[in-house]
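> Attaching a predicted model along with its sequence, questions to come.
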Amino acid sequence: MTNIVEKTTEETSGTQELYVLKDVTRAYQMGNNKINALKPINLAIKKGDFVSLEGPSGSGKSTLLQLLGALDSPSSGSIQFMDKFLEQASSNMLTSIRAQQIGFIFQQFNLIPTLNAIENVLIAMVPIKDSNSAKHTKAKELLEKVGLAERMTHLPSKLSGGEQQRVAIARALANSPEVLIGDEPTGNLDSETSAQVMDLLQNLQNENSNVTIILATHNPEVSEFARTRIKLKSGQIA
Ligand SMILES: Nc1ncnc2c1ncn2[C@@H]1O[C@H](COP(=O)(O)OP(=O)(O)OP(=O)(O)O)[C@@H](O)[C@H]1O
Ligand SMILES: [Mg+2]
């Protein structure tokens, strides 16, 4: 047990915690083999924290992020996200949680190649009930915030890796999420560009201290940006 899981009464009763995981496991069945990707995990993540998930390949980082991102369900245990228990939520509810409260950033950026920068951001606003002009204004503001005011109509193929990841960050922020989840978000970037992306994430959080950031990474320079560093080893918190 690390100090991350030791909770005071104040923390457990207040609204400080965005996630509370109790005895969470995730096993994958592969033919006759069962892979215990996550052994019982107990963990609390505070609202507004900047968390890095570290650990060797296969230690369960992506598996844990998928659970936190409501993309997958645990084999056992409970995952409280704000006022909801994700393991009890219907798939419609999980879809709406993902669309409205979670922003994702991926190693491969995952932009739609046939849409330009602003269209890639706008598409994340489809579930939001707002006028088209309000959405357009917000998408522009987000791209300005990530330093891409001059690149709004560029297709992803006309952007550098760092620029594509900044579009992806703007897209991840389009639904004003509670939490930004990134799986190796700098994994495809050189170290200078990676530092720029991390600076950007840190500045975004300084502007809006309510947004929680959780990143899985192999890169110690990335984890140095985190206030809370969680290390996984063989599916357990090390
Ligand atoms: N869909 C799946 N089906 C079967 N096994 C899986 C699946 N996804 C992950 N695993 C297994 O679960 C374990 C944890 O995998 P996970 O992808 O979470 O590791 P990781 O820490 O993200 O690794 P990496 O640093 O390489 O991305 C590994 O043993 C992996 O092979
Ligand atoms: Mg992974």
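Everything's here; your move. Ligands and ions are numbered 1, 2, ... in the order given.
> When you work out contacts or count neighbours from here on, use the C-alpha atoms and nothing else.
Noted.
> Which parts of the protein are helices?
9-13, 61-68, 91-101, 117-123, 132-145, 161-172, 191-207, 220-223 (DSSP state H).
> so which of those gets nearest ligand 1?
Counting by Cα to the nearest ligand atom, ligand 1 lies closest to helix 61-68 out of those; the figure is 3.7 Å.
> if I pick the residue nearest the centre of the chain, what's in contact with it?
Geometric centre of the chain, nearest residue: Ile181, 0.4 Å, by Cα atoms, centre = their mean. Taking Cα atoms under 8 Å, 6 or more residues apart in numbering, we find Ile181 in contact with Leu65, Gly69, Ile102, Gly103, Phe104, Ile105, Ile213, Ile214, Leu215.
> Just the closest of those to ligand 1, please.
Using Cα to the nearest ligand atom, the contacts of Ile181 come closest to ligand 1 at Leu65, 8.0 Å.
> what's around the closest residue in space to Gly103 that isn't next to it in sequence, how many residues?
Among residues not flanking Gly103 along the chain, Ala172 sits closest, at 4.2 Å (Cα to Cα, 6 or more residues apart in numbering). Ala172 sits with 25 neighbouring residues when counted by other Cα atoms under 10 Å.
> Quick check, pLDDT for Ala172.
According to the prediction, Ala172 has pLDDT 96.
> and if you look at Asn208?
For Asn208, the predicted pLDDT is 86.
> quick one: Gln101 and Val211, what's the gap?
10 Å (Cα to Cα, to the nearest Å).
> which neighbours do the two share?
In contact with both Gln101 and Val211: Pro177, Glu178, Val179, using Cα under 8 Å, 6+ apart.
> List just the nearest of these to ligand 1.
Val179 (18.9 Å).
> residues contacting that closest one?
Val179 neighbours (Cα under 8 Å, 6+ apart): Gln101, Ile102, Gly103, Val211, Thr212, Ile213, Ile214.
> do the same with Lys231
Applying Cα under 8 Å, 6+ apart to Lys231 gives the contacts Leu53, Glu54, Gly55, Ile237, Ala238.
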